[in-house]
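Trainee: need a 3D model of the following:
(2 chains)
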Amino acid sequence: MLARIGLEPGDEEFYAGQLSGILEHIDRLQQLDTEDIPPTAQVVEIASRLREDEPRPSLTQEEALANAPAAVNGSFRVPSIQEET
Amino acid sequence: MTDDLTQLTIKEASRLLRLGSISAADLVTAHVQRIERLDQHVKAFLRFTPEVWEKQADEADRRLRQGDAPPLCGIPLAVKDVLCVRGVETTAGSQILKGFRPPYTATAVARLFEAGAVMLGVTNCDEFAMGSSTENSGYFPTRNPWDLERVPGGSSGGSAAAVAAGEAMIALGSDTGGSIRQPAALCGVVGMKPTYGRVSRYGLIAFASSLDQIGPFARSVDDAAITLSLMSGLDPLDATSSDRAGMEVLNNFGAGVKGMRLGVPREYYDVKGIEPGVKSAIDAALAVLRTQGAEVVEVSLPHTDYGLAAYYIIAPAECSSNLARFDGVRYGMSEVDAPNITEQYLETRRKGFGSEVRRRVMLGTYALSSGYYDAYYLKAQKVRTLIKRDFDEAFKQCDAIVSATSPTVAFPIGSKTQNPLSMYLCDVLTLGGNLAGLPGISVPCGTSHGLPVGLQVLGPQWGENVVLRVARSYEEASGVKTQVADVV
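Mentor: Numbers count the residues shown, from 1 in each chain, chains lettered A, B, ... in the order given. Below is the predicted model:
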């Protein structure tokens, strides 16, 4: 549910079987003692760069909406997120 | 005559173009005719871009006539379906992006366009670059030009197959765990993954952002080197791109291997599942490099056995986050008439994503979820440190690391699709390079049972010139030329 992917009947068993096989392999990481090891999130050392805070051209509204599955009044159309009362 | 033009390298074609013996239009026409004849069998391309190639070939011929031709003037290029090209349908091999026309062009592609390359079309790949066979494409599988019943490797299988079949002179791919090097090996062409940060990722449809790099496929080490040098360098639109000059990848790369120390990791040399024919091709390649004056030493990468496990947490975790943007709102497939927003997400993503993508998004979401984060994602990032340290230690004892690129040659279509873990093992020799951010190349080194074998060379970060030097020396001394497959 967190993944926001719908499942069809039978999918649950199919993916559960495959994912538990993969997780079983992944569990070997627990054999390693990593208590004092720092995590790597960024693998190369690149200094953070700041850019000048200057305005520059961006997409026009038309370009931004060009790929929209549903657009209305210059906006993306989505289902209502609040119940009607 | 026209088919002969599809066997050339950039160097050879550029000479003929500059002499005026052929035009860019001739070169493009020769490739288009070959595509028309062969791609119905190989299926390397998802779509063709005549409106782009006609304009670019005209421009190339104009510049050739004026005598100010840029380095890739008129060179036919294929682009993997994960790199955005303004106005050209780009779908990451996925149904969820069917019809998407990007409003901008990826920096790597734009730089090759500026260098004069002519885009022929968009190549097939595993959906969102997740796979090692191109069978996970949301459209159709690509076939290996050397044996149409076998896979071309993946995920950049279409790009590798296009170059191998003489349908494009160079191609672009992306490599997250081996997706350039492994298909290059299986199709018998040169494929290179640069150091993380060498090439801007702007306009690359992201899979795993801390691992992804864009790189070239080519028919010679020289061609790969020149293409890479032209697409490299700082891009203000990618904060992880390096300000190192692209041309440094060419430094001294023709100097040969005399006096170099080449490390063979014992964990790679004897990796589980390596085929005897692959092993003997690698042994022969090492003998060639020794003859050229290199010293071959044994090194160790002790955490190799944990690499796949760490990779299969980090890559799915990052992909689950990156693919959250496919929500059916701004672009792509959508269940716009769903009763509520949650149903819209669930149905759009169920219908739009194929089973491998769904599997990885679920795995990644799980690994990042509250209560499991420390045990999975954080643990994997720590193991990533150990793997990087393994390489740091190894590079104290050698200048470059050599191994097979893939433990096997191209395998039959369908043979690994039922067991995801068996497919993941295809990348066991390549994904360490991504976890450690290293440059790596695969260069053809003979055949086993008539199918191509690839020699992988890995270098320290920013050591593209070292990697290219070893590969070029091997290519030159071995006489193993990248062949164009006859196909049919």
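
Trainee: biggest helix in chain A by residues?
Mentor: For chain A, the helix that runs over the most residues, judged by DSSP state H, is helix A:11-26.

Trainee: now the helix or strand that comes right after it, how far from the centre of its chain.
Mentor: Counting by DSSP states H and E, the next helix or strand C-terminal to helix A:11-26 is helix A:61-65. Centroid separation for helix A:61-65 versus its chain: 23 Å, with Cα atoms, centre = their mean, to the nearest Å.

Trainee: and helix A:61-65, C-alpha only, in PDB?
Mentor: The C-alpha trace of helix A:61-65 is given here as PDB (Å, rounded to 0.1, in the frame of the first residue of the first chain):
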ATOM      1  CA  GLN A  61       2.500  27.100 -18.500                       C
ATOM      2  CA  GLU A  62       1.600  25.600 -21.900                       C
ATOM      3  CA  GLU A  63       4.800  23.500 -22.000                       C
ATOM      4  CA  ALA A  64       4.300  22.300 -18.400                       C
ATOM      5  CA  LEU A  65       0.800  21.100 -19.300                       C
END
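
Trainee: so how far is residue B:283 from the residue lying closest to residue B:284 once chain neighbours are set aside?
Mentor: Spatially, and ignoring its direct neighbours in sequence, residue B:284 is nearest to residue B:446 (6.4 Å; Cβ to Cβ, 6 or more residues apart in numbering or on different chains). (Glycine included, C-beta is placed from N, CA and C.) Counting by Cβ to Cβ, to the nearest Å, the gap from residue B:446 to residue B:283 is 10 Å.

Trainee: neighbours around the residue nearest to residue A:67 when sequence neighbours are not counted, how many?
Mentor: Sequence neighbours aside, residue B:331 is the residue nearest to residue A:67 in space, at 3.8 Å (criterion: Cβ to Cβ, 6+ apart). As a burial measure, residue B:331 scores 23 neighbours (other Cβ atoms under 10 Å in any protein chain shown).

Trainee: residue 79 - how many residues pack around it?
Mentor: Because you didn't say which chain, this covers chain A. 17.

Trainee: right idea, wrong chain: chain B
Mentor: Residue B:79: 31 surrounding residues under other Cβ under 10 Å.

Trainee: next up, phi/psi of it, please.
Mentor: phi -120, psi 130 (degrees, to the nearest 10).

Trainee: can you classify the residue nearest to residue A:67 by secondary structure?
Mentor: Look at residue B:331: counting by DSSP: H, G, I helix; E, B strand; the rest coil, its state is coil.

Trainee: confidence score at it?
Mentor: Looking at residue B:331, its pLDDT reads 94.

Trainee: likewise for residue A:24?
Mentor: 92.

Trainee: what's the answer for residue A:56, then?
Mentor: With respect to pLDDT, residue A:56 scores 89.

Trainee: okay, now the unreliable bits of chain A?
Mentor: Flagging of chain A using pLDDT under 70 yields the residue ranges A:1, A:47, A:84-85.

Trainee: that older thread, ok, the residue nearest to residue A:67 - contacts?
Mentor: By Cβ atoms under 8 Å, 6 or more residues apart in numbering or on different chains, the contact set of residue B:331 is A:67, A:68, A:69, B:97, B:100.

Trainee: again with residue B:458
Mentor: B:391, B:400, B:401, B:402, B:403, B:432, B:433, B:438, B:439, B:440, B:467.

Trainee: again with residue B:118
Mentor: B:24, B:27, B:28, B:52, B:53, B:56, B:57, B:60, B:74, B:75, B:76, B:77.

Trainee: gap between residue B:71 and residue B:18?
Mentor: 11 Å.

Trainee: pLDDT weak spots in the stretch 1-150 of chain B?
Mentor: B:1-3.

Trainee: strands of that one, start to end?
Mentor: Taking DSSP state E, counting those that start in this stretch to define them, one finds strands in the stretch 1-150 of chain B at B:45-48, B:76-80, B:118-123.

Trainee: most tightly surrounded among these?
Mentor: Burial of the strands of the stretch 1-150 of chain B is given as mean neighbour count (mean count of other Cβ atoms under 10 Å in any protein chain shown); strand B:76-80 ranks first at a mean of 31.

Trainee: which strands or helices does that one pack on?
Mentor: helix B:24-42, strand B:118-123, helix B:157-164, strand B:170-175 (3 or more Cβ pairs under 8 Å, 6 or more residues apart in numbering or on different chains; DSSP states H and E).
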